[in-house]
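Student: Could you work out the structure for the sequence below:
(one chain, ligands or ions: 1)
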Amino acid sequence: MATVVLVTGGTGLVGAALRHVIETEPVGSKYGKQPNETWIFASSADGDLRDPAQTLKLYEKYKPTHVIHLAALVGGLFKNMKYKLTFLRDNILINDNVLHASYTQKTTKLISCLSTCVFPDKVEYPLDENKIHSGPPHESNFGYAHAKRMVDVQNHAYKEEFGCNFTSAIPTNIFGPHDNYDLEDAHVIPALVHKCYLAKKNGTPFIVGGTGKPLRQFIFSQDLAKLFIWMLRDYDDVEPIILSVGEDEEVSIKEVTDAIVKAVGFEGEYSFDTTRADGQFRKPASNKKLLERIGGFQFTPFETALDISVKWFIENYDTART
Ligand code: NDP
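Tutor: Okay, the predicted model is just below:
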């Protein structure tokens, strides 16, 4: 049977990684395109998913049998805090339209993308899939977090009322080529890569906010893409699944910065501004369920993945999102 996989948000960080994996892995291989598959990578120019009519039009055009739903209004802390209602409303609209079109247009399978931001602010670590709804999320991004949480609620409701095969993934911090490198609004890795690149170019000091001590789990976008492809083929369970490296693979912001300095080839002065806030020390997430279900996965070593990402940024500086 012909399979049409529609990737919403197909031009973003994760969408571009999916396209890369599908186009570079051998046809018919584990993570490659299967001979009967067509992949469509949609951007907002193909239809604004906040609008039900445009969403339906996209589904009518491509008739997807499978959907990987990545499209979202995504942003850093500042933007999340400033535009709480917009983050709540745009993401609720996008998700409701995609889920409902997947139901009415008889999509066989839908995988949506949540985030570890959905977890409660006050929670026992490590985070695991059973703790999503056990307390309010951090107030800084409650709009985004609540909109994403509702996807899990809707997935269960669509399954119970209509038997839909809808599920969701929960990635930790993602980085890779095609990231958003905006200095004001990027996540930590792309923001530091951009800052370090400018420090090298302008011969200025490279100053990193905070102590460098907090620990985080980072997943390379191309590894995450492979995990989405595995879910598409082998994960048929409405319950969400955390897609992450292990808790023992946390890296400190200092280690991240050292790796960036090396990858960029920055030889100037580099220091931490300890007067700046650090954020939470660590918020580990368990990948136990993932490893049990997938039966082992080779994550790209952090430094290798970072080298690939930095190289991409330098080569694409003129067109990257900066
Ligand atoms: P990006 O910001 O890189 O890309 C967002 C994508 O969504 C783009 O393709 C964009 O299209 C599309 N999009 C945005 N608004 C609309 C809209 N109204 N209608 C149609 N398409 C739209 O996001 P990421 O790749 O970083 O994120 C992918 C998913 O992963 C998201 O669901 C996000 O919440 C989740 N996530 C991300 C993390 C991260 O660290 N980046 C961490 C955890 C989860 P266009 O290019 O045309 O604007």
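Student: Just give me how far stretch 175-184 sits from the chain centre.
Tutor: Mean-position distance between stretch 175-184 and its chain equals 12 Å (C-alpha atoms, centre = their mean, to the nearest Å).
Student: which other residues reach it?
Tutor: 11-13, 16-17, 20, 74, 76, 78, 186-187, 189-191, 193-195, 218-222, 305-306, 308-309, 312-313, 316, 320-322 (C-beta atoms under 8 Å, 6 or more residues apart in numbering). Placement of C-beta: from N, CA and C, glycine included.
Student: Helix, strand, or coil at the closest residue to the ligand within the stretch 151-300 of the chain?
Tutor: Closest contact between the stretch 151-300 of the chain and the ligand, by C-beta to the nearest ligand atom, is at Ile174 (3.7 Å). Judged by DSSP: H, G, I helix; E, B strand; the rest coil, the three-state class of Ile174 is strand.
Student: Name the residues of the chain found near the ligand, please.
Tutor: 9-15, 43-45, 48-50, 70-74, 94, 113, 115, 171, 173-174, 180, 187 (C-beta under 6 Å from any ligand atom).
Student: Buried subset of the contacts of stretch 175-184 as a ChimeraX selection?
Tutor: Buried members of the contacts of stretch 175-184, defined by 16 or more other C-beta atoms under 10 Å, are picked up in ChimeraX with:
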select :11,12,13,16,17,20,74,76,186,187,189,190,191,193,194,195,218,219,220,221,222,305,306,308,309,312,313,320,322
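Student: picking up where we left off before, list buried residues within the residues of the chain next to the ligand.
Tutor: Buried, going by 16+ other C-beta under 10 Å: 9-15, 48-50, 70-74, 94, 113, 115, 171, 173-174, 180, 187, out of the residues of the chain next to the ligand.
Student: Ser252 and Thr211 touch, don't they?
Tutor: No - the criterion here is C-beta atoms under 8 Å, and Ser252 misses it with Thr211 at 9.3 Å.
Student: So for the two, which residues contact both of them?
Tutor: Going by C-beta under 8 Å, 6+ apart, no residue sits against Ser252 while also sitting against Thr211.
Student: what ranges do the helices span in the stretch 1-150 of the chain?
Tutor: 13-24, 52-62, 77-82, 84-104, 142-162 (DSSP state H, counting those that start in this stretch).
Student: Any idea which of those gets closest to Asp278?
Tutor: Among the helices of the stretch 1-150 of the chain, helix 77-82 comes nearest to Asp278, with 12.6 Å by C-beta to C-beta.
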